[in-house]
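J.: here's a sequence, model it:
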Amino acid sequence: FTASPLPTFSLSPEAFPPLMSDIYRADSNPTTADMLTFGSIIALSAVMPNVCGIYGRKRVYANLFGFVAAPPASSKGKLADVIRIVQPIQDEIRATNEQEQLAYQEQLAAYKAAGDRNALPPTLPKYRTLKIAANASSTAIYQTLNDNDGCGLTMETEGDTLAIVMKSDFGNYSDGLRKAFHHEPISYLRRKDNEHVDIARPRWSVLLSGTYGQISTLIPNPENGLFSRFPFYCLPRTYEWLDVFDAADDTLENLFSALGRRYLPLYHTLKARPTEIQFILSPEQQIRFNEHFTDIQKEYVSLYGDDLVASVRRQGLIAYRIMMILSLLRYVDCPQQLAYADTYLCDDRDFQTALRMIDILLQHTAFVFAHCLTPVESAQPQSPLSDQQQRYFDALPSAFTKAEWTTTATRLNIKPRTAERWIGQFLAKYNILTRPSHGLYRKRSGETITEGSVPGSAPVGIARGV
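T.: Next up is the predicted model:
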C-alpha cells in the first residue's frame, strides 16, 4: 500500500493534555504521530505511582501493554526514542542504587573489621530498575519486578527477541504477562535461597514493536491470552523517500528527554503521597462509557464472531487506563494539586480522546486478527471476492450504516448473518472498507485491494471493480 490502509487517530493536538500534545505534534506524518503518542502513553503508564481506579469492582492501575506492527524500514525505529521520556526517573533510581550499594559496602567493611561473630551481617540492598529487559529468564524478570515493588517497564523494538525467549525452557513468562495485565499475583521460586516469592500486585507496562510476521511468532492464535491484552497499532509500507536532513527544530531524542524532565515533578509528588489517589468518572461519563462499549461489543461480535469478544472487553479496561493517564497529565504543570487530594476526575476531553483512540486501536487489532496470527511468509495467493460477494459490495453505497447494508442484503436475498460476516471480511480480510466512526462504513477507492496479505506485503489477490 502507498497510503495507510487503516485509519489514524485524526485528533487535534488540543485534544491532548499539553505534554502529550507536544508529542502528537512531533511528527507531521499522521501514523508516526499516532505511534509516538501511543508509545508515550504506555511508557508513562509505568511511572504513575499511587494512582489507581476501580473498574469492574477491582482496583486497577495505569499500566498498559501495546504492540506497534510495521513492515521493515517503516519508521517504527523512532519508537525507540520514547524510552527517554522515563529516563530521568531511571537515572534517579540508578543513583539511589549506587548510594545504597556504597552504604552497604561501608557497613560490610565495618562488620568484618569488628570481628563480632554474634553480629548479623548487613543486608544486601535490592537492585531496583525501571527498565526490565525482555531477553531474560522468567525468574530474573520476576526478581526484578519484586525488587522494584512490583513495578517495571519492558520495551523491545524487535518482537523476535521476546518471541525467542518465550520459546525457551527458562524464559517463558507468558503467564506472568497475562497475570500482570490484571495485577494478579505472580509467584516464583528463588533457587539461590530456596525462597518462595509472591509479587502481590504487579504493575508492569510493556511496549513492543516488530514486523507483521513477528506477531504470529509471539502470539500464534486469538485464543492465546496475550492477544486480547495487547492493543495493536499498524504502520503501512511507504515508498516515499523521507528528507533525512529535515530542518526540524530538534531531535526526537532531545524532545523526549525534555518532556521527561518536565514530567519528573509530578512523578515526585505522586511517589511522596502517603496514600493512593483514585481516578473517577462522573456518573454521566460512566453511562456513556457503558453505552459505547455495549454498542462496540455488539458490532464486533456480529462482524468477527466470538474470537474478538475478549479483545473488545479488555479494550474497555485499556480505554479506562488511557483516560486515567491523560487526565493525570493535566497536572504536569501544577503537581501540588494532587499532593493531598483523595480523587481526581476524568477530564471530558480525555474521555472523548480515549474513546476515539480505542475505536481506532480496535480496528487495527481486528486487522491483526484477520491477517497476522499465522506467519506472513506462509500466505498463499487466494481467489478474489466471489461473484455474490462482489455483487453485494457493488450494490452498497460509497458510505453506509448497518441499517443500509442490511437493507441492501435483503434486496439481494442475502441472509443477515451472511451479510454481517461479509462486512467483517470486507473490513479486515479484504480491506476494501473503512470504519471511520462507530456504525459508519465507507468504501476505499483508488487502492489496490489484496487478500491474504498485510500492509507492505506483495499483492496476492485483487478484488474486481474496486
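
J.: when you work out contacts or count neighbours from here on, use the C-alpha atoms and nothing else.
T.: Noted.

J.: partner strands of the strand ranked longest in the chain and their direction?
T.: Ranked by residue count under DSSP state E, the longest strand found in the chain is strand 203-210. Paired with strand 203-210 in the same sheet, following DSSP bridges, are strand 65-69 (parallel), strand 151-156 (parallel).

J.: I'd like the average pLDDT over the first one.
T.: For strand 65-69, the mean pLDDT works out to 95.

J.: what sits up against it?
T.: With contacts defined as Cα atoms under 8 Å, 6 or more residues apart in numbering, strand 65-69 is touched by 35, 38-39, 42, 76, 181, 205-212, 215, 229-235.

J.: switch the cut-off to 7 Å
T.: Strand 65-69 has contacts (Cα atoms under 7 Å, 6 or more residues apart in numbering) with 42, 205-212, 229-235.

J.: likewise stretch 270-287?
T.: Taking Cα under 7 Å, 6+ apart as the rule, stretch 270-287 contacts 48-53, 324, 339, 341-346.

J.: same thing with stretch 386-393?
T.: Here stretch 386-393 makes contact (Cα under 7 Å, 6+ apart) with no residue beyond itself.

J.: can I get it in PDB, CA atoms only?
T.: Output of stretch 386-393 as PDB, limited to C-alpha atoms (Å, rounded to 0.1, in the frame of the first residue of the first chain):
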ATOM      1  CA  SER A 386     -16.900 -14.400  -5.100                       C
ATOM      2  CA  ASP A 387     -19.400 -13.300  -7.600                       C
ATOM      3  CA  GLN A 388     -22.100 -12.900  -5.000                       C
ATOM      4  CA  GLN A 389     -19.800 -11.000  -2.600                       C
ATOM      5  CA  GLN A 390     -18.800  -8.700  -5.500                       C
ATOM      6  CA  ARG A 391     -22.500  -8.000  -6.400                       C
ATOM      7  CA  TYR A 392     -23.200  -7.200  -2.800                       C
ATOM      8  CA  PHE A 393     -20.200  -4.900  -2.500                       C
END
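
J.: buried stuff in it?
T.: By neighbour count on 16 or more other Cα atoms under 10 Å, the buried set for stretch 386-393 is 389, 392-393.

J.: from these, which ones fall inside helices?
T.: The helices, defined by DSSP state H, take in 389, 392-393 from the buried residues of stretch 386-393.

J.: okay if I get these as TSV plus pLDDT and distance to residue 9?
T.: Formatted as TSV, those follow (pLDDT from 0 to 100; distance: Cα to Cα, whole Å):
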residue	pLDDT	distance to residue 9
389	89	30
392	92	29
393	92	26
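
J.: beyond the worst-scoring helix or strand of the chain on mean pLDDT, next helix or strand please.
T.: Across the helices and strands of the chain, mean pLDDT, DSSP states H and E gives its lowest value to helix 159-167, namely a mean of 74. Using DSSP states H and E, the helix or strand that follows helix 159-167 in sequence is helix 174-181.

J.: list the buried residues in that following helix.
T.: For helix 174-181, by 16+ other Cα under 10 Å, it's 174, 176-181.

J.: helices or strands up against the lengthiest helix in the chain?
T.: Identified as the longest helix of the chain according to DSSP H is helix 87-114. With contacts taken as 3 or more Cα pairs under 7 Å, 6 or more residues apart in numbering; DSSP states H and E, helix 87-114 sits against helix 252-272.

J.: my read: residue 227 touches residue 217, true?
T.: No. The criterion here is Cα atoms under 7 Å, and residue 227 misses it with residue 217 at 11.8 Å.

J.: coming back round to it: just the buried members of the contacts of stretch 270-287?
T.: Judged by 16+ other Cα under 10 Å, buried ones among the contacts of stretch 270-287: 48-53, 324, 339, 344, 346.

J.: pLDDT for the residues you listed - can I get that in TSV?
T.: Formatted as TSV, the buried ones among the contacts of stretch 270-287 follow (pLDDT from 0 to 100):
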residue	pLDDT
48	98
49	97
50	98
51	98
52	98
53	98
324	98
339	95
344	98
346	98
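
J.: ok, the residue nearest the centre of the chain to residue 151 distance?
T.: Closest residue to the average C-alpha location of the chain: residue 66 at 2.1 Å, with Cα atoms, centre = their mean. Shown here: residue 66 relative to residue 151, a distance of 17 Å by Cα to Cα, to the nearest Å.

J.: where are the low-confidence patches of this structure?
T.: By pLDDT under 70, the weakly predicted segments of the chain are 1-5, 73, 169-171, 190-194, 239, 241-242, 244-249, 373-383, 445-466.

J.: ok so, going back, just the ones in helices among the buried residues of stretch 386-393 now: which is nearest residue 350?
T.: The closest of those to residue 350 turns out to be residue 393 (Cα to Cα; 36.6 Å).

J.: is residue 344 in a helix, a strand, or coil?
T.: Secondary structure, DSSP: H, G, I helix; E, B strand; the rest coil: residue 344 is strand.

J.: for it, which non-adjacent residue is closest in space?
T.: Take residue 344 and drop its neighbours on the chain: the residue closest to it by Cα to Cα, 6 or more residues apart in numbering is residue 279, 5.2 Å away.

J.: are we agreed that the one you found is in a helix?
T.: No. With three-state DSSP as the criterion, residue 279 is located in strand rather than a helix.
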